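Trainee: what follows is a predicted structure for the sequence shown.
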Amino acid sequence: MSSDYKTLKGQDFDRGTFESLLRRKVFLWQSFEPYGAVKGLFDYGPPLETLEAEVINIWRDHFIRTEKMMALKCSMLTPYEVLKTSGHVDKFADYMCKDPKTGEILRSDHLIKDVLETRLKSDKEARGEKIEDAEEDQKKKKKHAKAAKAAVKLDDSVRQDYEHTLATLDDCTGDDMGALIKKHDIRNPSSGNEVEPPVSVNLMFQTQIGATGKEPAFLRPETAQGQFLSFQKLLEYSDGQLPFASASIGYSFRNELSPRSGLLRVREFLMAEVEHFVDPASGKQHPKFHTVRDVTLPLLSRTTQNEGGSTPQALTIGEAVDSKLVDNETLGYFLVRIQAFMAKIGIDMRKLRFRQHMQNEMAHYAADCWDCELLSSYGWIECVGCADRSAYDLSVHMKATGVPLQVREPLKEPRRVEEWTAQLDKKKSGPKFKKDAGKVQAALDGLSQDVREKLSVSLRDEGKVSVDVAGVEGGKVELEKELVSFQRESRTETMREYIPNVIEPSFGIGRILYSLMEHVYWTREDDIARSVMSFHPTVAPIKVLVVPLQKDTRFATLLQTLSDRLDEDQISFRVDQSGVSIGKRYSRNDELGIPFGITVDYQSLEDNSFTLRDRDSTKQVRASLDEILEAVVRMCKGKTRWDEVRRVLPAFESKEEQEG
Ligand SMILES: Nc1ncnc2c1ncn2[C@@H]1O[C@H](COP(=O)(O)OP(=O)(O)OP(=O)(O)O)[C@@H](O)[C@H]1O
């Protein structure tokens, strides 16, 4: 879709021109180009590398420093057992369909989406409605020449069915998608062939640690597992006090089935993830929730999506949590902080929404999950996932390793508890179960209080009970009265033990950077159209363009002074001394998004004053070096804005030939 996607200034967005700017100004390119390039891998050139560093700096400040989080750096190479326990080995997969004739692999949900969207577009065309991204559409048609057909009008009921399918696609299982492919006769668009039913394919890159092959491993698909396994150290570091949060910025790897849409779906990407550990008995309240209660967010609920809607509702987070639309305060607090971060780095707030996960889309253990989605020319894209993962991860790792990933805290007052115990008679069970006796006792230990109570009644009435035991023949054992006893015992407890719940905001930095670049892009329509990247001064890769009015050796000393002062203030700058007109020099650097320009002219030689130009308005002020530098430093730190600087410093009317 580029459809109704508009630039910052409301112009039609032309992805071709935008992408050519990114290439020309070496923002990014596909990795290993001389060897033919690899899909889903990208190298960042100087502007994008620095933009990423600036965005990360703001992220660190906004989350790690302000929220007093504990930053971690964990290994990327991860042993097989860790990811087996977390569920990634069995479940971290996408569905794919194979074209049996060409061997092409297609991601099932993408295939359904592409085909139905194309049909809806064709229907629009047949009904004589305007197709906004006609150019893009033509390109697609050319590429898929075999399957391309003349515009086809759809029945109203079919159109509604397609629209509903698209709105609820995220909720589909593999079988559901198989049924949809059959029902709508969905075929490979590039060959017109029928495809095989969806099969699940794991997305992790497998490798091994050491040369023996005895230690299989994966490149991590998220940073989270390392943070969970550090829990005990973090608890110690925070003096046993909850809630606390860890944070990690690092690379993750996913062997995506069909990497596409540039930086939006890649195979190696930078993530910034927070794991906020909270006592579930606290109702997951957040100590700072009152400070954000009245902040409004655009929330697209599960109910709206189920009804086929896609318009978010503007609600305060207080209203959303009170009505239980957002499950708890901590989750709500993070949604607000995510929105504030996006505003800080210059995301267009009209192109941001929070979408609640559909029931099937959420992991079975998750209590609630919201994605922060950003609108780009590719449609709404998940850029941050914010999930309540409950106690799942700590529980499974604790069970697998026996390491207590839990909190033990003294009770204010000791309490009497009554509990059912379930105990094998060691003397009699040993000879009967031999090496399996331990497994039987472990199975009894794992029974809940309710089940123990029920079994005690069955044992009394029937003289025997049947218990599921993993790892023994038949998966069950029968226990007679003389082998097992269930007793109600009372004891005094002085400590409380619990496994914390985890709220996890997980940021994909590449997706955010790409969306940001689209959001700040627009075209200045003078005599010819010139592209501008309106990066906020806080994130702009280069902050200042220094331009001498002309090539003249008399400017050399002032240029040196200016450069030294900018270096001293740690302001990145670029000097453009090329022979072209000053206006041309400004406009070609507007494409790099340099927010400010300082001009050295003949008056500077006389009174040491300089002009300061604002990229977006092209307005200028004139003032002393000290005043100009102070204004630049403050604007780059986000402490003041151009409008305020312009109010304070004297305006300077640039001569037309300077800008022309
Ligand atoms: N292949 C990818 N390329 C770039 N960023 C990604 C990719 N996969 C995930 N991310 C980023 O990591 C964040 C957290 O990952 P998460 O596991 O929640 O994504 P996901 O639900 O698997 O994404 P999707 O459904 O789009 O594949 C996402 O919000 C996104 O910003």
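Mentor: Now that the structure is in, tell me what you want to look at.

Trainee: against Arg260, how distant is Asp527?
Mentor: Distance of Asp527 to Arg260, given as CB to CB, to the nearest Å: 37 Å. Where you see a C-beta, it was placed from the backbone N, CA and C, and this is true even at glycine.

Trainee: between these two, who's got more neighbours?
Mentor: Higher neighbour count among Asp527 and Arg260: Arg260, with 14 against 6, using other CB atoms under 10 Å.

Trainee: confirm that the more buried one sits in a helix.
Mentor: No. With DSSP: H, G, I helix; E, B strand; the rest coil as the criterion, Arg260 is located in coil rather than a helix.

Trainee: which phi and psi values does it adopt?
Mentor: Dihedral angles of Arg260 (phi, psi; degrees, to the nearest 10) stand at phi -160, psi -180.

Trainee: go on, Asn328?
Mentor: phi -160, psi 170.

Trainee: OK, contacts around it?
Mentor: 283-285, 321, 367-368, 388, 503 (CB atoms under 8 Å, 6 or more residues apart in numbering).

Trainee: from the residues you listed, which shows the smallest pLDDT?
Mentor: Among the contacts of Asn328, Ala367 carries the weakest pLDDT, at 85.

Trainee: that one and Asp123, how far apart?
Mentor: For Ala367, the distance to Asp123 - CB to CB - is 40 Å.

Trainee: also Leu219?
Mentor: Counting by CB to CB, the separation of Leu219 from Asp123 is 43 Å.

Trainee: please enumerate the helices of the stretch 51-200 of the chain.
Mentor: For the stretch 51-200 of the chain, applying DSSP state H, counting those that start in this stretch gives helices covering 80-86, 88-91, 108-126, 134-143, 156-168, 174-183.

Trainee: and what of the stretch 501-650 of the chain?
Mentor: 509-520, 556-568, 582-590, 602-607, 625-636, 642-648.

Trainee: tell me which of those helices sits most buried.
Mentor: Across the helices of the stretch 501-650 of the chain, averaging neighbours per residue (mean count of other CB atoms under 10 Å) puts helix 509-520 on top, at a mean of 23.

Trainee: same for that helix, what does it pack against?
Mentor: Counting by 3 or more CB pairs under 8 Å, 6 or more residues apart in numbering; DSSP states H and E, the packing neighbours recorded for helix 509-520 are helix 15-24, helix 46-59, strand 268-278, helix 329-345, strand 368-376, strand 379-390.

Trainee: which parts of the second one are buried?
Mentor: Within helix 46-59, the residues that qualify as buried are 47-48, 50-52, 54-55, 58-59, counting by 16 or more other CB atoms under 10 Å.

Trainee: now whichever strand in the chain runs longest: buried residues?
Mentor: Ranked by residue count and defined by DSSP state E, the top strand of the chain is strand 407-424. Across strand 407-424, burial judged by 16+ other CB under 10 Å covers 407, 420, 422, 424.

Trainee: partner strands of that strand and their direction?
Mentor: Using DSSP bridges, strand 407-424 pairs in its sheet with strand 484-498 (antiparallel).

Trainee: what is the nearest of the contacts of Asn328 to Leu77?
Mentor: Leu77 has its nearest neighbour among those in Ile503, at 27.0 Å by CB to CB.

Trainee: go ahead and confirm the closest one touches Arg389.
Mentor: Yes. Taking contacts as CB atoms under 8 Å, Ile503 lies within contact range of Arg389: 7.4 Å.

Trainee: tell me which of these two has more neighbours.
Mentor: Between Ile503 and Arg389, Ile503 has the larger neighbour count (other CB under 10 Å), namely 28 against 20.

Trainee: next, the contact list for the more buried one, please.
Mentor: Ile503 touches 275-276, 278, 284, 328, 330-331, 334, 386-389, counting by CB under 8 Å, 6+ apart.

Trainee: residue in the stretch 401-550 of the chain nearest to the ligand?
Mentor: Gly508 (2.0 Å; CB to the nearest ligand atom).

Trainee: interface residues of the stretch 501-650 of the chain facing the ligand?
Mentor: 506, 508, 510-511 (CB under 6 Å from any ligand atom).
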